[in-house]
Every structure is written in C-alpha cells, then in structure tokens.
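Q: Provide a 3D model corresponding to the input given below.
(one chain, ligands or ions: 1)
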Amino acid sequence: MSLNIYLNGEYLPKEQATISVFDRGFLFGDGVYEVIPVYAGKLFRFDQHIERLNNSLAAILIKPPLLLEEWRGIAEQLTAQLPGRDQSLYLQVTRGSGHDREHAIPRDIEPNLLAMTRLQGSPDEKIKSHGVSVVTLDDDRWKHCNIKAITLLPNLLAKHRAKQEHADEAILIRDGKAHEGAASNLFMVKDGLLITPPKSDMLLPGITRDLVLELARHSGTAHCEADIHADDLEEADEIWITSSSKEIAPVISLNGNPVGDGQPGPIWKNFNALFDACKERLRIEGECR
Ligand code: PDD
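A: Modelled structure (predicted):
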C-alpha cells in the first residue's frame, strides 16, 4: 500500500511529492527534522517533539511555520492511513527554495514542510535479547549538536565506520568525554547508579532520554546527569543507548570487549519493562506521562 506524503499543504502519493532543486535543504542541508514514534496509531510525546522542533528552528533562525495543533492535524491525518499500527513519523522543515544557489539566507523565503509516516515494528527482539555492540570514535561534528539538523554527514560516516568495525553504533568522544551515539543518547550504570551526560550543545536532547530520566525518578532508581569519560565506559556495569527508533537498547560490547558480563543487565531489564508499560498506557489510555 502506497501512503500519502504531506508536502507544503498537500497530501500526495510519494511519486507526486516533488520539490525544487533549489530547496536549501537539498543544496545546503539547511533544515531540521523530527522522528516521532507512533504506537498503535497514537503519537508518542508529540508535544515534546514539536517543542524540540521549534527550538531547532529558532536556533537556525526559521520562524515556526505551524502551530502545535496544525502539526498534530497533519500527523493524525498521515498516521490514520495505518490505523492502530506502530509507525515512525518523520517531519522536516527546510528554509525553503531560493531562486539560485546562494549562501546568504534570502529574506523572503517560505519554508518547505514535509511529513511522512511508515510502518515501524518495535525494535528487533534480537536487540532486546542479545543487545547491541558499539565502538568509540572521535566526535568530529560541529558544536551545535543540540539542533536536530538534517545535515548528518558526520553522523552517517561515524555509523558507517562502526558498521565496518562490525558494531551497531558509534559512541562519539570529544575532549575525552562520551556525549552520545551517532544517532542515540548514552546511559551507563556503575554500582547501581544510572548516569547520562547532562544536556549541552554537544548532544541532542533526546525525547527518549527525558523519558528514561522520568522513569528513573518515578521508580526511585539512583541516577544523575554527569560527564562520562571514555575510560568510565570501560568500567561500566551496563551501557544503554536510547532513541525513538531503538527505544532503550542494552550495549553488550564496547570496542570488542564485553560490557559487564556481556549480557543485557538487570537495571536495563527493569527499565525496558517500565518503558513497555509506558507504551501500553499510550496504546490503551492514549497517554504516556
Ligand atoms: N535520531 N542523538 C542523536 C544524534 C540522534 O540522532 C538521536 C535520534 C538521538 C535520540 O533522540 P530521540 O530519543 O529524541 O529519538 C540522540 C533519530 C531517531 C534519527 O535521526 O532517526
């Protein structure tokens, strides 16, 4: 079944959803995006995703093109094409199409808005039962990693290098500190304490990360936001990576060495169950606070 795509006010079959080659996202990567999980047709933490989108837009000097409720209308129309199904909803705003390839930001330009959805099963059961492997790599991204920019070349190359080293994800190290993965946030557990790096310009403020911290508060799990040094990772009892598509994934191997006993750890098991319960509340009650 071919799903319609939203493009600049219209719902179109994907073959008809086309855009100018002068789109500044296409030419310069001049835009921002969101990936929003949808469970049983219900939008997961939609308001928080739109708030982050608006923060990204403000950071690159684009006025919010739509109100929260307008975005919600689009999201609901698109996701209704797959009623009751788990999906991944993608939103993208670029600065718009100029008349030429010009670095300077044009004054009178309307953003290009794209939204599309696709079926998304829960992360592979294999990830949950076996865990994932990571390698540490130099973080050679810019210094505004809090902006969810579509300009993802360093992230893509890091992921590619990780794959070449037979790992699932790269953990990016800058000035000796591990900030996040190429497409995920980072948590570690040491002696029962759950640690994640504090929000800063060096990492994306993940919506899944926020939820994990909320679950830690509600479950009374000892936790803190503190720097994680590359060496700390080697001593970790557990490492997790989190994202909208991976949820909470247990890391069982770091640079080819086992993390803890090389199995998904007990604290991860507890949080994975809490996360599943949260998804179930969303499916049944329509909310997951
Ligand atoms: N990426 N850090 C980076 C660099 C990311 O790209 C992502 C997510 C995250 C986790 O954020 P969240 O929990 O809000 O998904 C952290 C998405 C899924 C992507 O680019 O497809």
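Q: List the residue ranges of the protein that fall below the pLDDT cut-off.
A: Applying pLDDT under 70 to the chain flags the ranges 289.
Q: ok, residues contacting the helix ranked longest in it?
A: In the chain, assigned by DSSP state H, the helix with the most residues is helix 266-285. By CB atoms under 8 Å, 6 or more residues apart in numbering, the surrounding residues in contact with helix 266-285 are 39-40, 42, 44, 128, 189, 192, 194, 211-212, 215-216, 218-219, 221, 237-238, 240, 247-248, 250, 264, 287-288. Bear in mind the C-beta positions are built from the backbone N, C-alpha and C, glycine included.
Q: Looking at those residues, which are in helices?
A: 128, 211-212, 215-216, 218-219.
Q: Who does the residue in the stretch 1-150 of the chain positioned nearest to the ligand form a beta bridge with?
A: For the stretch 1-150 of the chain, the residue closest to the ligand is Val35, as judged by CB to the nearest ligand atom, at 4.1 Å. Following DSSP bridges, Val35 is listed with bridge partners Tyr90.
Q: That one and Leu186, how far apart?
A: Counting by CB to CB, to the nearest Å, the gap from Val35 to Leu186 is 18 Å.
Q: Which one's more surrounded, the two?
A: More neighbours surround Leu186 than the other of Val35 and Leu186, with 25 against 17 (other CB atoms under 10 Å).
Q: So what sits opposite Ala149 in the bridge?
A: For Ala149, the beta-bridge partners are Val32 (DSSP bridges).
Q: Quick check: it touching Leu53?
A: No - checked against CB atoms under 8 Å, the pair Ala149 and Leu53 is beyond contact range at 11.6 Å.
Q: Mutual contacts of the two, please.
A: 32-33.
Q: starting at the chain centroid, how far to stretch 240-259?
A: Taking CA atoms, centre = their mean, to the nearest Å, one finds stretch 240-259 lying 14 Å from the centre of the chain it belongs to.
Q: same question, stretch 111-129
A: From the chain centre to the centre of stretch 111-129 is a distance of 10 Å (CA atoms, centre = their mean).
Q: wait, does the longest helix of the chain make contact with the ligand?
A: No - using CB under 6 Å from any ligand atom, helix 266-285 never reaches the ligand; the gap is at least 11.6 Å.
Q: Relative to the whole chain's centre, how far out is that helix?
A: Put simply, helix 266-285 sits 18 Å off its chain's centre (CA atoms, centre = their mean).
Q: same thing with stretch 156-171?
A: On CA atoms, centre = their mean, the centre of stretch 156-171 falls 17 Å from that of its chain.
Q: circling back to that earlier point, among the contacts of helix 266-285, which are in strands?
A: 39, 42, 189, 194, 238, 240, 247-248, 250 (DSSP state E).
Q: Look up phi and psi at the residue in the stretch 51-200 of the chain that the ligand sits nearest to.
A: Proximity of the stretch 51-200 of the chain to the ligand (CB to the nearest ligand atom) peaks at Ala183, 3.9 Å away. Dihedral angles of Ala183 (phi, psi; degrees, to the nearest 10) stand at phi -150, psi 40.
Q: So it sits against Glu169, correct?
A: Yes - in this structure, Ala183 is within contact of Glu169 by CB under 8 Å, at 7.1 Å.
Q: Between these two, which is the more surrounded one?
A: Legend: neighbour count by other CB under 10 Å for Ala183 and Glu169, higher for Glu169 (25 against 19).
Q: Run through the bridge partners of the more buried one.
A: With DSSP bridges as the rule, Glu169 is bridged to Val134.
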